[in-house]
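**Student:** Got a sequence here, can you build the structure:
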Amino acid sequence: MKNILIFIVRAYQVALSPYLPNSCRYTPTCSHYMIQAVQKHGALKGGWLGLKRIASCHPWGGHGYDPVP
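**Tutor:** Numbering: from 1, shown residues only. Alright, predicted model coming up:
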């Protein structure tokens, strides 16, 4: 399951991300954060952390350096 999630995120990075404007407010970007979270915490907890991060990426959300816990 872990490898499937990472594959989906990498496919997004290669296929869609180059055509979208750079708008991520965080460092590392949300897609890199998701990969790091899944590698460090596994598919379930890492996926949840990644989804929470993506949900907070809006104009009223945070910004700046936000490493994987």
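**Student:** contacting residues around the one helix or strand in the chain whose mean pLDDT sits lowest?
**Tutor:** The least trusted helix or strand in the chain, going by mean pLDDT, DSSP states H and E, turns out to be strand 26-27, with a mean of 88. Contact with strand 26-27 is made by 33, 53, 57, 62, 63, 64, 65, 66, as judged by C-beta atoms under 8 Å, 6 or more residues apart in numbering. Glycine gets a C-beta too; all of them are placed from N, C-alpha and C.
**Student:** hey, where'd the helices end up in the chain?
**Tutor:** 2-15, 30-41, 43-55 (DSSP state H).
**Student:** Using JSON lines, lay out the ones you listed together with distance to residue 23, mean neighbour count and mean pLDDT.
**Tutor:** Converted to JSON lines, the helices of the chain look like this (distance: least, C-beta to C-beta, whole Å; neighbours: other C-beta atoms under 10 Å; pLDDT from 0 to 100):
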{"stretch": "helix 2-15", "distance to residue 23": "14", "mean neighbour count": "13", "mean pLDDT": "94"}
{"stretch": "helix 30-41", "distance to residue 23": "10", "mean neighbour count": "19", "mean pLDDT": "94"}
{"stretch": "helix 43-55", "distance to residue 23": "12", "mean neighbour count": "16", "mean pLDDT": "93"}
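**Student:** How far away from the center of its chain is the least confident helix or strand of the chain?
**Tutor:** On the basis of C-alpha atoms, centre = their mean, to the nearest Å, strand 26-27 sits 10 Å off its chain's mean C-alpha point.
**Student:** and what of stretch 8-20?
**Tutor:** For stretch 8-20 - counting by C-alpha atoms, centre = their mean - the centre lies 12 Å from the chain centre.
**Student:** So residue 5 is in contact with residue 47, correct?
**Tutor:** Yes - counting by C-beta atoms under 8 Å, residue 47 is a contact partner of residue 5 at 5.8 Å.
**Student:** Identify the contacts common to the two.
**Tutor:** Joint contacts of residue 5 and residue 47 (C-beta under 8 Å, 6+ apart) are 34, 38.
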